[in-house]
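Asker: this one's sequence-less:
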């Protein structure tokens with residue numbers, strides 16, 4: 001097996017196998033479907049308005065069983081524990097079963113840290129719900 005650097009090219013024959021090392025950023029871009037991909041970008045940019053605008057009118061967050069429904073409740077929760085905690089989600093695994101998109105990754109913030117699972121229900125280009133559990 002021959003390893004090919006992405007900065008270099010190589011001529012391959014029919015029997016050559018190639019190992020490609022992908023960065024986490026590439027994996028996220030390639031495998032997280034919209035609107036979840038854009039939502040993660042907004043979260044990682046700490047964009048409060050973009051975060052709140054991403055939800056449907058009746059959207060909700062389920063954070064380990066604590067439910068926050070609607071823009072005001074989500075904002076109150078987020079101000080302390082999510083956007084306000086300058087959180088960053090680095091996706092490591094993505095599952096799209098057609099009804100839900102689950103992103104498991106490293107969550108780092110001033111409120112909580114560690115591997116977490118984020119399951120999203122979507123409605124068109126909006127997030128209908130985000131459920132957070134242990135990853």
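Answerer: Now that the structure is in, tell me what you want to look at. The structure displayed is predicted, hence computed values, not measured ones.

Asker: Double-check residue 56 against residue 127; I have them as touching.
Answerer: Yes: using Cβ atoms under 8 Å, residue 56 makes contact with residue 127 at a distance of 7.0 Å. (Glycine included, C-beta is placed from N, CA and C.)

Asker: Between these two, which has more neighbouring residues?
Answerer: Higher neighbour count among residue 56 and residue 127: residue 127, with 23 against 17, using other Cβ atoms under 10 Å.

Asker: so how far is residue 57 from that one?
Answerer: Going from residue 127 to residue 57 by Cβ to Cβ, to the nearest Å gives 12 Å.

Asker: go on, residue 34?
Answerer: For residue 34, the distance to residue 57 - Cβ to Cβ - is 20 Å.

Asker: Helix, strand, or coil at the spatially most central residue of the chain?
Answerer: Residue closest to the average C-alpha location in the chain (Cα atoms, centre = their mean): residue 40, at 4.4 Å. Recorded secondary structure, residue 40: helix (DSSP: H, G, I helix; E, B strand; the rest coil).

Asker: How about the one 10 residues further on?
Answerer: Put simply, residue 50 is helix when judged by three-state DSSP.
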